[in-house]
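K.L.:
Have a look; sequence and predicted model below, questions after that.
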Amino acid sequence: MIIIGITGSIGMGKTTVSCMLRFMNIPVFDSDKKVKNILEKNYEVIDKIYKTWPETIYISKSKKIVNKTALSDIIFNDTESKNKLEKIIHPIVEKERNLFLKKHKHFSIVGLDVPLLYETGADKICDYVFLVNTSKRIQKKRVLSRENMTETKFDLINNSQWDFKKKKKEHPWIVSTSFGRVFSFFVILKYLFKIAICGKKND
């Protein structure tokens, strides 16, 4: 099984690239979706958040609900809080990722959509990495169109991730989303053709 890591800073187009791989029947593990699911349904995690950041929790129908906007405002303004939350959530995401890989072990190629791929060291289990990128202007336009997003928050999130130059030093394959979906799709096809020829990096 060949593992493709899909990464890039906020607003670069990772979701679009993941959707294209799924369109070609390549299963993709979505880390962001898994984190969202944990924050909404993992009551052990919700209780830990309540004990640490009670102001980010509200009660609805006798259930604790995480206000994800309030939580993100805290963690992206405080490195210590960010590290605490990552220690709570990342082990669960890693466990779910391993279950995904086990479940799909009979597929020749799978994808791992991980925004913090390099930052968490998850690139080490990947045979290839697709680094999704676009211009700063397009990135900013995409991100600021999102609900509850501000320019200050955008900068904080961006600054919490490795920048493009640092990621590029790890020698990923660049997928630009600046020129439309058709262009990106053909870039991905080209890379998949190369993967089909080269196989696993460790072979």
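P.N.:
Here it is on my side, so go on.
K.L.:
list the buried ones in the lengthiest helix in the chain?
P.N.:
Secondary structure of the chain per DSSP state H: the longest helix is helix 79-103. Neighbour counts over helix 79-103 (16 or more other Cβ atoms under 10 Å) mark 82, 84-85, 88-89, 92-93, 96-97, 100-101 as buried. C-beta here means a position set from N, CA and C on the backbone, and glycine is covered the same way.
K.L.:
Now distance to residue 111 and pLDDT too, for those, in JSON lines please.
P.N.:
Formatted as JSON lines, the buried residues of helix 79-103 follow (distance: Cβ to Cβ, whole Å; pLDDT from 0 to 100):
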{"residue": "82", "distance to residue 111": "26", "pLDDT": "94"}
{"residue": "84", "distance to residue 111": "29", "pLDDT": "96"}
{"residue": "85", "distance to residue 111": "25", "pLDDT": "96"}
{"residue": "88", "distance to residue 111": "25", "pLDDT": "96"}
{"residue": "89", "distance to residue 111": "21", "pLDDT": "96"}
{"residue": "92", "distance to residue 111": "20", "pLDDT": "97"}
{"residue": "93", "distance to residue 111": "15", "pLDDT": "96"}
{"residue": "96", "distance to residue 111": "15", "pLDDT": "97"}
{"residue": "97", "distance to residue 111": "11", "pLDDT": "97"}
{"residue": "100", "distance to residue 111": "10", "pLDDT": "98"}
{"residue": "101", "distance to residue 111": "11", "pLDDT": "97"}
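K.L.:
Include distance to residue 184 when you put those residues into JSON lines, please.
P.N.:
Putting the buried residues of helix 79-103 into JSON lines (distance: Cβ to Cβ, whole Å) gives the following:
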{"residue": "82", "distance to residue 184": "30"}
{"residue": "84", "distance to residue 184": "36"}
{"residue": "85", "distance to residue 184": "32"}
{"residue": "88", "distance to residue 184": "34"}
{"residue": "89", "distance to residue 184": "29"}
{"residue": "92", "distance to residue 184": "31"}
{"residue": "93", "distance to residue 184": "26"}
{"residue": "96", "distance to residue 184": "27"}
{"residue": "97", "distance to residue 184": "24"}
{"residue": "100", "distance to residue 184": "24"}
{"residue": "101", "distance to residue 184": "25"}
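K.L.:
out of those residues, who's nearest residue 141?
P.N.:
Comparing the buried residues of helix 79-103 against residue 141 with Cβ to Cβ places residue 82 closest, at 25.7 Å.
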